[in-house]
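Enquirer: sequence and predicted structure, then a few things I'm wondering about:
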Amino acid sequence: QKINIFAFQKFIKFISILVSISYVLGWISLIANYRRLKNKNEKRPVLIVLIAFTIALIANVYTSTIAPTLADTVFNSPEYYTPIILILLIPLAFGYSIYKYQLMDVSIVVKNTITYGAATISLAGVYFFLIYVMGQSISQAIGTEYQGLIAGVLFVIFAVIFQSTKDKFQEFITEKFYPEQFAYRKVLVKFSSDVTTLVGLDNILESMTNTFVDGLKISKFGILIKDIKNGDFTLMKSVGIENTNLKINSKNLSYFIEQRSLVSNNFVIDKENFELVFPKIADTLISEGIYTIIPMTVKSKNVGLLLFGLKHSGAQFAGKDLELLCATANQSAISIENARLYKSETEKLKIEKELDLARNIQQGLLPKCLPEVDGLDVCGEMIPASRIGGDYYDLIPVEGDKSKLYVIIGDVSGKGLPASLYMTKVQTMIQFACTSDKSPKEILSEINRKFYASIERNSFITMSIGLFDYNKKTLTFCRAGHMPLYVAKDGSIKKYQSQGLGVGLDNGKLFEKFLVQEEIPISSGESFAFF
């Protein structure tokens, strides 16, 4: 018997040691968790529990070590062991934190469960009572020996008739206390109806945020949109996320989606996969309270990410919840892509209007009225390869001399707006350079010197200038890399293709060295083609 008592005392001592170790480990764990939390609101309930746990731990140490030295037994001096009551502070602290700060969301669950149960039972009782009273009243009014049978039949009839009303009340109560059961359907229906009427990416993102947050009643939500240029995902809309400059650039995301697509159409990234998919920003996502990320994809193209915290109940999204969220994410991706296409089309139309304006300006720079020169019939037309371009021609009569006419034609390398801008600049130079005392060669040399310093090295201009002098019956012609001049008379055609480099290819020495000017006699009946 003494051996059994001794063994029992050893067992009690061993249990006491284990309890003491568990107390210390629990206290250390609480301190570590408290220091890990960054949000003040999350720290408050943990601090209350930590303070209560610390007081209880001190009371336990006192009762186990100091109290036995001050008193013989607990029965003779119970006042020395009274501080052990402070252990009750631990459950009290937990209870206070749960109901005051909704720690672990237990208060919400308990409150909703009790209230929902009471409301459902009350509704069922009122429903069956009304059906029973109505059935009994009608059967008594009839007053037959089959009163019970008639009451039963009427009960069934009224139950069927008023079932839809009862279902609506039941649905209202369920939605009131368990909104998550209706939230996902509400998200899909509302977003599907709204998105068809929305125009613009900002409006779509705003509608998504309102629908998800109001429908799911979540406190953490964010939308990241992929930048087409650099591939980064930038946070565009958020609720409850402190880091509003959040950006994600992960090469592993495409691989993750590709692998997940082999087994499922739902691409869900759980908290456990953050380190794998987003190694550089996983800690930030976890600290922000993000537990679920759903890519928004359309035709295997990822256009954005949806960030979700915990559900209203404190649980993580799972099962059918994720299926509905993935379906909504895919529909959102289509809407976002359509918004981008709409924006691109709008910008394209805007550019086309600007190009039309530029074309009108360029056409306005051409000769509006063909000059009248003695002995010459002049006509001209320009049809650019694109809406605007670098083609140009001009007819400049020499001031004070109706027998002289400059004919200029040129072409900037390339097409489009840059070529048209260069040609506008050349035209201005030509207008100032064409005077009676300058030859075509001198004009081209002057333009080349001025233009070489401003034109890009991969661009150049080909140009031909002809000076008609009807009094002398001559055409002074100079070609800077442009198409040859054709002269036709009496069914025969003669080509003039003198040497010359394009304008802007050289700073002056080589350009002037290879530039050749010709003097061509002219006579009646000849046709000169500059093109």
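Expert: Looks like it came in fine. Worth saying up front: this structure is predicted, and the values here are computed from it rather than measured. Numbering: from 1, shown residues only.
Enquirer: any weak-confidence spans in the stretch 1-150 of the chain?
Expert: 1-13, 37-42, 71-81, 98-150 (pLDDT under 70).
Enquirer: try the chain
Expert: 1-13, 37-42, 71-81, 98-190, 192, 195-196, 384-389, 416, 436.
Enquirer: gap between the one residue sitting closest to the centre of the chain and Ile286?
Expert: For the chain, Ile225 is the residue whose C-alpha lies nearest the centre (Cα atoms, centre = their mean; 2.1 Å). Counting by Cβ to Cβ, to the nearest Å, the separation of Ile225 from Ile286 is 22 Å. Using the backbone N, CA and C atoms, a C-beta is placed for each residue, glycine as well.
Enquirer: and if you look at Ser22?
Expert: Ser22 is 28 Å from Ile286, by Cβ to Cβ.
Enquirer: show me the longest helix that occurs in the protein.
Expert: helix 320-365 (DSSP state H).
Enquirer: could you say what helices and strands that one packs with?
Expert: Counting by 3 or more Cβ pairs under 8 Å, 6 or more residues apart in numbering; DSSP states H and E, the packing neighbours recorded for helix 320-365 are helix 180-195, helix 201-216, strand 292-298, strand 301-308, helix 416-433.
Enquirer: give the buried residues for stretch 400-407.
Expert: Residues of stretch 400-407 classed as buried under the neighbour-count rule (16 or more other Cβ atoms under 10 Å) are 402-407.
Enquirer: can you tell me which of these are in strands?
Expert: Using DSSP state E, the subset of the buried residues of stretch 400-407 located in strands is 404-407.
Enquirer: the residue nearest to the centre of the chain against Pro295, yeah?
Expert: No: using Cβ atoms under 8 Å, Ile225 is not in contact with Pro295; the gap is 11.8 Å.
Enquirer: quick check: which element contains the residue lying closest to Ala282 once chain neighbours are set aside?
Expert: Closest residue in space to Ala282, ignoring its immediate chain neighbours: Phe274 at 3.9 Å, by Cβ to Cβ, 6 or more residues apart in numbering. Using DSSP states H and E, Phe274 sits in helix 274-277.
Enquirer: and Met382, by the same measure?
Expert: In this assignment (DSSP H and E), Met382 forms part of neither any helix nor any strand.
Enquirer: related to what we said a few turns ago, determine how far the longest helix of the chain lies from the middle of the whole chain.
Expert: The chain centre lies 14 Å from the centre of helix 320-365; the measure is Cα atoms, centre = their mean, to the nearest Å.
Enquirer: now the helix or strand following that helix: buried residues?
Expert: Helices and strands here follow DSSP H and E; after helix 320-365, the next one along the chain is strand 391-397. Going by neighbour count (16+ other Cβ under 10 Å), the buried part of strand 391-397 is 391-397.
Enquirer: swap in stretch 205-212?
Expert: 205, 207-209, 211-212.
Enquirer: coming back round to it: among the ones in strands among the buried residues of stretch 400-407, which pair sits farthest apart?
Expert: The largest separation in those, counting by Cβ to Cβ, is between Lys404 and Val407 at 10.8 Å.
Enquirer: shared neighbours of these two, anything?
Expert: 467-468 (Cβ atoms under 8 Å, 6 or more residues apart in numbering).
Enquirer: quick one: secondary structure of Val24?
Expert: Taking DSSP: H, G, I helix; E, B strand; the rest coil as the rule, one finds Val24 in the helix state.
Enquirer: no, scratch that, I was asking about Thr244
Expert: Strictly by three-state DSSP, Thr244 counts as coil.
Enquirer: that one: neighbour count?
Expert: 10 (other Cβ atoms under 10 Å).
Enquirer: which residues are in contact with it?
Expert: Thr244 sits next to 235, 238 when contact means Cβ under 8 Å, 6+ apart.
Enquirer: and for Ile443?
Expert: 430, 433-434, 465.
Enquirer: name the SS class of it, please.
Expert: Under three-state DSSP, Ile443 comes out as helix.
Enquirer: count of residues packed around Leu370?
Expert: Leu370: 12 neighbours (other Cβ under 10 Å).
Enquirer: from Lys415, how far out is it?
Expert: Separation of Leu370 from Lys415 (Cβ to Cβ) stands at 27 Å.
Enquirer: quick one, domains of this structure?
Expert: According to automatic domain parsing, the chain comprises the domains 2-101, 107-178, 181-342, 367-529.
Enquirer: could the ones you listed go into JSON lines alongside distance to Ile351?
Expert: Below are the domains of the chain laid out as JSON lines (distance: least, Cβ to Cβ, whole Å):
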{"stretch": "domain 2-101", "distance to Ile351": "48"}
{"stretch": "domain 107-178", "distance to Ile351": "50"}
{"stretch": "domain 181-342", "distance to Ile351": "15"}
{"stretch": "domain 367-529", "distance to Ile351": "9"}
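Enquirer: among the ones you listed, which is nearest Leu357?
Expert: So among these, domain 367-529 is nearest, using Cβ to Cβ, at 9.6 Å.
Enquirer: what about Val277, neighbour count?
Expert: Residues near Val277, counting by other Cβ under 10 Å: 21.
Enquirer: my bad, should have said Pro295
Expert: 26.
Enquirer: would you confirm that Ile87 contacts Tyr62?
Expert: No: if you go by Cβ under 8 Å, Ile87 and Tyr62 don't touch, sitting 11.3 Å apart.
Enquirer: ok, back up a step: for the contacts of Ile443, which entry has the maximal number of neighbours?
Expert: Going by other Cβ under 10 Å, Ile465 tops those with 30 neighbours.
Enquirer: which SSE is that one in?
Expert: Here Ile465 sits within strand 461-469, counting by DSSP H and E.
Enquirer: packing partners of that strand?
Expert: So strand 461-469, by 3+ Cβ pairs under 8 Å, 6+ apart, packs with strand 404-412, helix 416-433, helix 440-452, strand 474-480.
Enquirer: those: which one's closest to Asp321?
Expert: The nearest among the helices and strands packed on strand 461-469, by Cβ to Cβ, is helix 416-433 at 52.2 Å.
Enquirer: and the closest one, what does it pack onto?
Expert: Applying 3+ Cβ pairs under 8 Å, 6+ apart, one finds that helix 416-433 makes contact with helix 320-365, strand 391-397, strand 404-412, helix 440-452, strand 461-469.
Enquirer: can I get these in JSON lines with distance to Ile248?
Expert: Formatted as JSON lines, these follow (distance: least, Cβ to Cβ, whole Å):
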{"stretch": "helix 320-365", "distance to Ile248": "16"}
{"stretch": "strand 391-397", "distance to Ile248": "49"}
{"stretch": "strand 404-412", "distance to Ile248": "44"}
{"stretch": "helix 440-452", "distance to Ile248": "48"}
{"stretch": "strand 461-469", "distance to Ile248": "48"}
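Enquirer: out of these, nearest to Ile31?
Expert: helix 320-365 (34.9 Å).
Enquirer: and the gap between the residue nearest to Ile396 when sequence neighbours are not counted and Lys320?
Expert: Spatial nearest neighbour of Ile396, chain neighbours left out: Tyr406 (4.2 Å); criterion: Cβ to Cβ, 6+ apart. Taking Cβ to Cβ as the measure, Tyr406 falls 81 Å from Lys320.
Enquirer: now the nearest residue to Ile408 once chain neighbours are set aside: how far from Ile455?
Expert: With Cβ to Cβ, 6+ apart as the criterion, Ile408 has its nearest non-adjacent residue at 4.5 Å, and that residue is Asp394. Between Asp394 and Ile455 the computed distance is 19 Å (Cβ to Cβ).
Enquirer: same question, Lys353
Expert: 28 Å.
Enquirer: who has more neighbours, those two?
Expert: Ile455 (20 against 10).
Enquirer: check which helix or strand covers that one.
Expert: For Ile455, there is no enclosing helix or strand under DSSP H and E.
Enquirer: I figured Thr424 hits Ala358, correct?
Expert: No: using Cβ under 8 Å, Thr424 makes no contact with Ala358, being 9.4 Å away.
Enquirer: from what I can see Asp270 touches Tyr291, true?
Expert: Yes: counting by Cβ under 8 Å, Asp270 touches Tyr291, with 7.3 Å between them.
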